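Visitor: quick one, fold the following:
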Amino acid sequence: MAELAPRCLLVVWHSLTGATAAAVDALCAGAREQGGDGLQVRAVPARDAGAADVLACDALVLATPETLGSISGLMKDFLDRSYYPLLDQRPGLPLGLVVVAGSDGEPTVQQLGRVATGLRWRQVCAPLRVCTRAQSMQAILAPKQLSAQQQAQAQEWGATLGAGLVLGVF
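Guide: Numbering: from 1, shown residues only. Model (predicted):
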């Protein structure tokens, strides 16, 4: 019996202050742990990612900080460069969204959701929202770390996504 190739989870991410990068690290660790040899996890910075990366994956995570109530500039750049080459290419692609925000991140989740709808991608889990509670200029611009609880939440979210992908749930 031939061995099946591992499924590929692609995480396209951007981080400004370290919090989104920390969430990506934790979710990737959870996905790798849960997926074992049946899952390849690739975390690619948004500036380096393109449509070819998405075409080669089995599931996608978009992870961005919320900037001025929107996705970050480099995440938007990735989507701008990739949208038309991906249009009608991957309908039903399993998708997860990660938004790190000073408050609830809802505007960014909605914006990413509209892009996903246009590309006919399928959100397979509730968006992971990490709230940093940064509200002042100093707090917003300061380097950030996630709390142990936030790291655990991101790791569990990634584990759930990884397990679902390997088990063929999506």
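Visitor: only C-alpha atoms from now on, for both contacts and neighbour counts.
Guide: Noted.
Visitor: other SSEs contacting the longest helix belonging to the chain?
Guide: What stands out as the longest helix in the chain, according to DSSP state H, is helix 148-167. Applying 3 or more C-alpha pairs under 8 Å, 6 or more residues apart in numbering; DSSP states H and E, one finds that helix 148-167 contacts strand 7-13, helix 19-35, strand 39-45, strand 128-131.
Visitor: tell me which of the ones you listed lies nearest to K76.
Guide: Between K76 and the helices and strands packed on helix 148-167, the tightest spacing by C-alpha to C-alpha is seen for strand 7-13, at 10.8 Å.
Visitor: the inter-axis angle of that closest one versus strand 39-45?
Guide: Angle of strand 7-13 versus strand 39-45, following axes from the mean of the first three to the mean of the last three C-alpha atoms, to 10 degrees, is 20 degrees.
Visitor: quick one: distance of strand 7-13 to the chain centre.
Guide: The chain centroid and the centroid of strand 7-13 are separated by 8 Å under C-alpha atoms, centre = their mean, to the nearest Å.
Visitor: next one: stretch 41-55
Guide: 11 Å.
Visitor: tell me what the least confident helix or strand in the chain by mean pLDDT is packed against?
Guide: Lowest by mean pLDDT, DSSP states H and E among the helices and strands of the chain is helix 137-141, with a mean of 88. Helix 137-141 sits against no helix or strand, with contacts defined as 3+ C-alpha pairs under 8 Å, 6+ apart.
Visitor: send the alpha carbons of it over as CSV?
Guide: The C-alpha trace of helix 137-141 is given here as CSV (Å, rounded to 0.1, in the frame of the first residue of the first chain):
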residue,chain,number,x,y,z
MET,A,137,0.2,54.9,21.1
GLN,A,138,2.9,53.6,23.4
ALA,A,139,1.1,50.3,24.1
ILE,A,140,0.2,49.9,20.4
LEU,A,141,3.8,50.4,19.2
